[in-house]
Every structure is written in C-alpha cells, then in structure tokens.
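Participant: got a predicted structure here, sequence first:
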Amino acid sequence: MTRSTPIKVLLAKPGLDGHDQGAKVVARAMLDAGFEVIYTGLRQTPEAVARIAEQEDVDVVALSSMAGSHIPFCEKLRELLLKSELDDRLWLIGGNLPKQDHPRLRELGFTGIFPSSSKLDDIVNFIRTNVS
C-alpha cells in the first residue's frame, strides 16, 4: 500500500559537531527521493532533537555525527524519545561511526547505522523499506 503523505525525516547534527557538508548531501538525497526533511543545523542537544521530533511528528529520527560523541548523545536521546513515546519511529545514525560502536547503537534502538562511506541510495532504500 502506498502512503498518502511523504515520509517525514528529522535530520539532526548532535553536540559540538561542526561538520555538516555530509548531512546536507544526505538531506538533498532524501528530498530528491520525495521525503519531507527537517534539517536542524549544527550543535543540537538531545533535548532539542527530541522536542523537534515530537512537535513535527516525524517518521524518522536521523543523526549525522562526525565528532565521536555519538554514544552518550544517543543514550540521552533514547531516554527522551522513549519518554515522548517516539520509540515506534525509525531511528538512524550516520557519520564517523567506528565498527565497535555499532552493537551499542543497535542496543539503543538505532536500527539504521550508516558509516561515512555509505551510499545515498542505501540510506533512502532503508528508510523506504522500514517506514510504513
């Protein structure tokens, strides 16, 4: 069955990460795929990401992290998303994500993990496949 509305994605840049070129490329690919994209810009807190996700009623919460503080950020964000009853949404993370961190990210509920070398089509297809 086809959705009557576009998939709505929140794409956020956590913490002190000042690198957003990759996130902008991913956002453009999502827009080109027909998704509605809310891009937060740089230096977001877990509280801001959770608040925007709830206010905008997004289907996907996606993070782009290049600064290496993704685990503590995701731990706090998970707690806030659960509190806001957003655990039924698709949670993704991409960026500079060492392989040894992937199991912990999955434990936290991030089912889509996309290291920097990921293909844009893979990200888009993963979202299409996992959002009903």
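Facilitator: Received, thanks.

Participant: residues contacting the residue nearest in space to the middle of the chain?
Facilitator: Geometric centre of the chain, nearest residue: Ala62, 0.7 Å, by C-alpha atoms, centre = their mean. The contact partners of Ala62, by C-beta atoms under 8 Å, 6 or more residues apart in numbering, come to 9-12, 26, 91-94, 112. Every residue, glycine included, has its C-beta placed from N, CA and C.

Participant: please name the bridge partners of the residue nearest to it when sequence neighbours are not counted.
Facilitator: Spatial nearest neighbour of Ala62, chain neighbours left out: Leu92 (4.2 Å); criterion: C-beta to C-beta, 6 or more residues apart in numbering. Legend: beta-bridge partners of Leu92 under DSSP bridges are Ala62, Gly112.

Participant: tell me what the least confident helix or strand in the chain by mean pLDDT is packed against?
Facilitator: None of the helices or strands of the chain scores lower by mean pLDDT, DSSP states H and E than helix 21-32, at a mean of 92. Other helices and strands packing on helix 21-32, by 3 or more C-beta pairs under 8 Å, 6 or more residues apart in numbering; DSSP states H and E, are strand 8-12, strand 36-39, strand 60-65, strand 90-95, helix 120-130.
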